[in-house]
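Trainee: This is a predicted model, with the sequence first.
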Amino acid sequence: MRVLITGGLGFIGSALVRRLLDGEREIEVINVDCQTYAGNPANLVGYDRNPRYQWVRAQIQDSAAMAALLSRQQVDAIINCAAESHVDRSIHNPEPFIATNVLGTEVLLHYSRRYGVERFLQMSTDEVYGSLDLDQGVFTEQTPLNPSSPYSAAKASADLLTLAHHRTYGQGVVITRCSNNFGPFQYPEKLIPLFVTNGIEGKPWPLYGDGRNVRDWIFVEDHVEAVWEVLRRGEAGSVYNIGARNEHSNREVAETLLRWMELPAGQIVAVDDRLGHDRRYAIDPGRIERELQWSPRHGWDEALRQTVEWYRAHPQWWQPLKAATAPTA
Ligand SMILES: NC(=O)c1ccc[n+]([C@@H]2O[C@H](COP(=O)([O-])OP(=O)(O)OC[C@H]3O[C@@H](n4cnc5c(N)ncnc54)[C@H](O)[C@@H]3O)[C@@H](O)[C@H]2O)c1
C-alpha cells in the first residue's frame, strides 16, 4: 500500500510518517511538504534514508505538481495533514490559511478522484466546532460547525469540501477532528513547547488573559494511531472525533510545568487575551472508541513528563527554530 501524507515535515505529519515506517512493513510513504517555517527535515532524520520513504517538495495547492505526482505514482490513500496551523498567525495574516487549508484540500480532493485514490483522510481539528462555556457539555460529531478564527474557519471550509466530494462524487473520504496535541517535535510557538523551552532559557511564560481557557490534551502518538485506524476502517463520508478526555486550563498546565521544572510562580506573566479566544474545547471520542475500539495508550502525566524530558534533551532541535522566528505565544 502506498500512502501519500501531506505536511509530513510538521509536528503531527512527521509522527505519522515515523509510525507508518516503524510499524507497517508493507507501507510506502510519499511525503508532500513545501517546508514552511513549520516544516523541518530534522523531524525525520534517519527515516529519510528508508527506501520506502520519499519526500516531494511541493505545495498542495499547486495543481500541476499534484496532477503530475498522482498521475505518475499509484497512490492508495491520502492523509492530508498539511496546513497553516497557528491561530495567532491566522489572526494577523489569514491569506496563507485560505491558500493551504482550503484551496490545497480542494486540489488534493480533485486529483485524488481523477487518479483513483481510494481513501482520503482530512485531518481536521476540534476548533471547527467553536467554543464551549466552562459548564457546557462536549463536542460530538453532530455539533454544528461554528469556527472563531481564520484558522478554524479555513479548516471548517476544508471539512465541508471533503464531505461534498463524498456526496457529489462518492469519494471514499473520512474526517478526523482531534483535540490539542502535545509531544516531541512540536514547533516552539505552541503553548507546551513554548513554556518548556522558555523555562529552560530563563524566559517568562506569557499566559493569555485570565488563564482559564480550557483545552483537551492528547499525546501526538495516540492521535496518529487513531488516524491510522480511521483511514483503514472508518465509515466513508463521515467524521470521527479524537480526544483523550483530558481537559486542563492553560493555568493548570502552566502550574504543573512550574512544579516539575522547579520554577518560581513569577515565571508566569499575564498578557492581553488573544482576539476571539475560544474559552473551552472538549471532545467526546465515544464514536471512535465504540466503533474502532481505539483508546489512548498514554496517560497525561507520563506523556507530559516524557515531552518535557525530550525538550530538555534536544536543545539542538529547538534552539535554531526559536532563533529564526520570534515566537508569539
Ligand atoms: N497541533 C494540534 O494540536 C492539532 C490538533 C488537531 C488538528 N491539527 C491539524 O493537524 C494537522 C497538522 O498539524 P501540525 O500541528 O502538525 O502542523 P505543523 O504546522 O507543525 O505542520 C504543518 C506542515 O505542513 C506543511 N505545509 C504547510 N503548508 C503547506 C502547503 N501549502 N503545501 C505543502 N505543505 C505545507 C509545513 O511545511 C509543515 O511541515 C493540521 O491540519 C492541523 O490543522 C493539529
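Mentor: On my side now, so go ahead. Numbers count the residues shown, from 1 in each chain.

Trainee: okay, now the residue in the stretch 201-329 of the chain positioned nearest to the ligand: neighbour count?
Mentor: Nearest residue of the stretch 201-329 of the chain to the ligand: His223, at 7.3 Å (Cβ to the nearest ligand atom). The C-beta positions use only the backbone N, C-alpha and C, and glycine is treated the same way. By other Cβ atoms under 10 Å, the residues close to His223 number 25.

Trainee: Can you tell me the SS state at it?
Mentor: When classified by DSSP: H, G, I helix; E, B strand; the rest coil, His223 comes out as helix.

Trainee: confidence score at it?
Mentor: You'll see His223 listed with a pLDDT of 98.

Trainee: In contact with it: list those residues for me.
Mentor: By Cβ atoms under 8 Å, 6 or more residues apart in numbering, the contact set of His223 is 12, 15, 178, 181, 242.

Trainee: Test my guess that the second one contacts Ala226.
Mentor: No. Under the contact definition of Cβ atoms under 8 Å, Ala15 does not touch Ala226, with a separation of 11.7 Å.

Trainee: So, low pLDDT: which residues of this protein?
Mentor: Flagging of the chain using pLDDT under 70 yields the residue ranges 326-329.

Trainee: In it, spot the helix with the most residues.
Mentor: helix 150-169 (DSSP state H).

Trainee: Not counting its own residues, what contacts that one?
Mentor: Here helix 150-169 has contacts from 83-87, 89-91, 94, 97-98, 101-102, 105-106, 109, 113, 120, 122, 124-125, 127-128, 130, 145, 147, 171-173, 175, 177, 236-237, 239, using Cβ under 8 Å, 6+ apart.

Trainee: who's in contact with the host helix or strand of Arg113?
Mentor: Arg113 is part of helix 105-114 when elements are defined by DSSP states H and E. Contact partners of helix 105-114, identified using Cβ under 8 Å, 6+ apart, comprise 6, 60-63, 66-67, 70, 75, 78, 80, 120, 122, 158, 161-162, 165, 169, 171, 173.

Trainee: how close does whatever residue of the stretch 1-150 of the chain ends up closest to the ligand sit to Ala65?
Mentor: Across the stretch 1-150 of the chain, no residue is closer to the ligand than Gly10, which sits at 2.0 Å (Cβ to the nearest ligand atom). Taking Cβ to Cβ, to the nearest Å as the criterion, Gly10 is separated from Ala65 by 18 Å.
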